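K.L.:
Following is a predicted model, sequence given first.
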Amino acid sequence: MEALIIAGYAVGANKGFIYIRGEYYTEIAALEKAIQKAQEKNYLGSNILSSGFSFGIEIYKGAGAYVCGEETSLIESMSGMRPNPTSRPPFPAQAGFLGKPTVINNVETLANIPSIITHGGLWYSRIGSPDSPGPKLFSLSGHINKPGVYEIPLGVTLRELIESYGCGIRGEFKAALPGGLSSKLITNLDVKLDYKNVAQAGSSLGPASVIVINQDISLIDVSLNAVQFFSHESCGKCSICREGNRNCLEILRRFNRDTARTGDIELILELNQVMRDTAGCILGQISLNVPVSAIQLFRNEFVSRVRERA
Amino acid sequence: MITLTIDNTQITVNKETSILEAARKANINIPTLCHIEGMEGFGACRLCVVEIAGEPLLALSCSRKVSNGMQVKTNTERIRKSRRMIIELLLANHNAYCPTCERSQHCDLQKLAFDLGVKNVRFKIERESLKLDESSMAIIRDPNKCILCGKCVRICHQVQTVNVINFFNRGTDLTISTAMDKGLGNVECVGCGQCIHVCPSGAIKERSSIDKIWAEISNPDKHVVVQEAPSIRAALGEDLGVPTGSLVTGKMHAALKKLGFDAVFDTNFTADLTIIEEGNELVKRIKEGGTLPMITSCCPGWIKFAEHFYPDLLPHLSTCKSPQQMFGALAKTYYPQKAGIDPAKVVSVSMMPCTAKKFEAQRPEMEDSGFRDVDYVLTTRELSKMIKEAGLDFANLQEEKAEELLGAYSGAATIFGATGGVMEAALRTAYKLITGNELTDVDIFPVRGLEGIKETSITLNSMEVRLAVAHGLGNARTLLEQIRSKTSPYHFIEIMACPGGCVGGGGQPYGFDMKTREIRGQALYNEDRVLIHRKSHENSEVSRLYQEYLCEPLGEKSHKLLHTHYTLRSLV
């Protein structure tokens, strides 16, 4: 909240919104209480602490859809529409909520602001790796002895994250998704987990939702799981995203049932290219990252499941 | 103005132009399945992607506005591959057994698959067939053919403001449906059928009666009579080898006789009759202080719209039945009496530009003849199909005339098919009724054309009578809101549900193209211009009907057969 007020001051806005899933009752209650308290102390409201600056915060409860994390989709949702992402340009900073210029940031990004202002930019830049400084909330899950959310400086290696914080892998390490289902698989445990190094390793850190996969798991199953997720979470508006996910899921099911055909591997790769080129938002563009990276890194798992139909 | 380059062609356009529109001006047709001309880009089909120099991703040409110096490529290897794959994906999840599809040869998806060189479909979705929405008497929706482009949704919302269909669910569960999946027949759908025109595949179609008509025609015990709406004759030829804008009245009558109808009459006859009744009703309302403005009641889509959304304004509607229903009532009373036929054996069929007429014919009150007044309604498209099935060389048919008794018509009747036509026809007769003199200059240009709302006034016996015409239900709302807020300056209003009037009806040859609608309307005005009688009260067969059967306009028999009442309908 503090950061939101500061951000409003920085861009000259007098109104901020917190978009939160409607089913997060406890969190919503906490926010409401905090807003009320801040108003009582005039940290919010008109002429904040006699500074001449006025700012109000409104909570918007979303109906809950993954795609609402996409900024244009979030704006549509707040406007009372179906949360379909809209075409850019115009970008939200040009014409966003109610057609007005709108700055949209994740809570985690904003949460850094007060401490940067308190301690200075130099202090902040000394945390983590020089290329992407700062702390990060790593959400560690998968075949991990102690899954959870850990706040660690960026630049920690995957190995260190797993061993020092997650208390090691259950089973033998096979691969990891550093940025959740929308990122590509990596197999190198010594990758430094910051934006630049993960990108160099061919993936993306994104929200740092690290999913660890052990040797017991087929990457076809992981791919199926990922594409099933995107099939369900796509808004469905773009033909390429909706039908691309639907058809990729169908192909992956064929691999799963040992009925895949020669050419199915290439078809997934080709489909991925068209989805990247033509999908209207990031969700459609990255939907096939898991299967595509699985094919790139573990092609044999796929090849061995190809059975020509008579 | 903005200058950009599209495929090495330099073009200068207005800054609000999209790349897609700019390309069309440069004679490059970028393929699309979801764009509606004149509307904002929607971006569902993704086929219109183009490459813009300096941009890593493909850009969406329907939504992207032009900018100075922009270098656009519309036909590269990357684009061709993308487009083909999108079509493949759509076909994989589409009932693509084209030969049996209503829309075959008029299907944008089929055409693009062919034009873009899609040779095989490498994807295949195994799924159960989805249930058709057959709840409406007018329109059937087949979700198995729906490609979810959203055009029907946008026409229903933005043009017609009826809002009965929308997207439901998300991702691969996305569907288009009605509120709570009730089906088109159980919501406020007015049956206008504009959604059919914009559908790029065969997902929406009229409820067909072709097979029933064939059966009635082949039944020797039945006497099948047929009427054809004014606007049919300006559009029927389009799918039968005759150029757009040709008036095919004579060929149409000839074809109907060859198809085996026992008596071929003309709805234009009852269009003239409607004017006599409605003209007298208007004069009565003006003279006796009745509810004004009076609004025309020929259009069944508009009637149902009023019943759902403006029930408080129903007293403003003329009580006259539509020409179709007036004809139906006479076809089973006046006609059999004159022809010495048992009315129980008469089957009354109408050829209409309209899908809502199918609903109108089934309204419970429409049996004042003692029978169902109109048994079957066929659209222009269905008639065209029957003509093809019968193997008639339509373009070369010898012209014939409709039969006497219910067949003659004036120029005033024929222009019913274009927006403003009913108003113009009514004025030609109302002038006579009020002033006692004949209107000498019968062309009333201010009510013609495709302007959404047209208005004019005419002085009758020193009284200024103010008039307005709206076509498209979105435009109608503007006039209706004025009445609701008691600020309407008008005495008489014409409303037609479809943009362009009946020439753009939901049963006409496919396409939501205002240019074509204008050309069809022009054909009707051309016929009006050359007819000797251009006023409804000059129709001698109508005069004979009053002399020998009805007695007088608004009389007892007229009241029973030619007038109706309306139904209060709730919102879902």
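P.N.:
Received the coordinates, thanks. All figures in this text were calculated on a predicted structure; none of them were measured in a lab.
K.L.:
And residue B:501, how far from chain A?
P.N.:
33 Å (C-beta to the nearest C-beta, to the nearest Å). No exception for glycine: its C-beta is placed from N, CA and C like everyone else's.
K.L.:
Name the nearest residue to residue A:189, sequence neighbours excluded.
P.N.:
residue A:159 (4.1 Å; C-beta to C-beta, 6 or more residues apart in numbering or on different chains).
K.L.:
got the buried residues for the one helix or strand the one you found maps to?
P.N.:
Element membership for residue A:159, per DSSP states H and E: helix A:158-160. Judged by neighbour count using 16 or more other C-beta atoms under 10 Å in any protein chain shown, the buried positions of helix A:158-160 are A:158, A:160.
K.L.:
in the stretch 201-310 of chain A, what spans have low per-residue confidence?
P.N.:
Low-confidence segments of the stretch 201-310 of chain A (pLDDT under 70): A:308-310.
K.L.:
Count the residues that sit near whichever residue of the stretch 51-200 of chain A sits closest to chain B.
P.N.:
Distance from chain B to each residue of the stretch 51-200 of chain A (C-beta to the nearest C-beta) is smallest for residue A:87, at 4.0 Å. Neighbour count for residue A:87, taken as other C-beta atoms under 10 Å in any protein chain shown: 17.
K.L.:
Next: the one 10 residues further on.
P.N.:
Here the number of neighbours of residue A:97 (other C-beta under 10 Å) works out to 17.
K.L.:
With residue A:35 instead?
P.N.:
Residue A:35, neighbours per other C-beta under 10 Å, totals 19.
K.L.:
Compute the distance between it and chain B, please.
P.N.:
Distance from residue A:35 to chain B, by C-beta to the nearest C-beta: 31 Å.
K.L.:
if we can go back for a sec, wait, the residue nearest to residue A:189 touches residue A:192, no?
P.N.:
No. In this structure, residue A:159 is not within contact of residue A:192 by C-beta atoms under 8 Å, at 10.1 Å.
K.L.:
Report the spatially closest residue to the residue of the stretch 51-200 of chain A closest to chain B, excluding sequence-adjacent ones.
P.N.:
residue B:63 (4.0 Å).
K.L.:
looking at it, residue B:146 is touching residue B:201, isn't it?
P.N.:
Yes. At 7.1 Å, residue B:146 counts as touching residue B:201 under the criterion of C-beta under 8 Å.
K.L.:
Close to chain A: what parts of chain B are there?
P.N.:
Chain B has residues B:33, B:41, B:43-47, B:49, B:57-58, B:60, B:63-65, B:78, B:81-82, B:85-86, B:89-90, B:92-93, B:122-126, B:147-150, B:167, B:169-174 near chain A, with proximity defined as C-beta under 8 Å from any C-beta of the partner chain.
K.L.:
Which of those fall in strands?
P.N.:
Those of the residues of chain B next to chain A mapping onto strands are B:49, B:60, B:167, per DSSP state E.
K.L.:
name the helices or strands packed onto the one helix or strand residue A:174 maps to?
P.N.:
For residue A:174, the host element (DSSP H and E) is strand A:173-177. Under the contact criterion of 3 or more C-beta pairs under 8 Å, 6 or more residues apart in numbering or on different chains; DSSP states H and E, strand A:173-177 touches strand A:209-214.
K.L.:
For chain A, what is the nearest residue in chain B?
P.N.:
residue B:174 (3.2 Å).
K.L.:
one step back: now for the residue nearest to residue A:87: which residues touch it?
P.N.:
Counting by C-beta atoms under 8 Å, 6 or more residues apart in numbering or on different chains, residue B:63 touches A:87, B:18, B:40-43.
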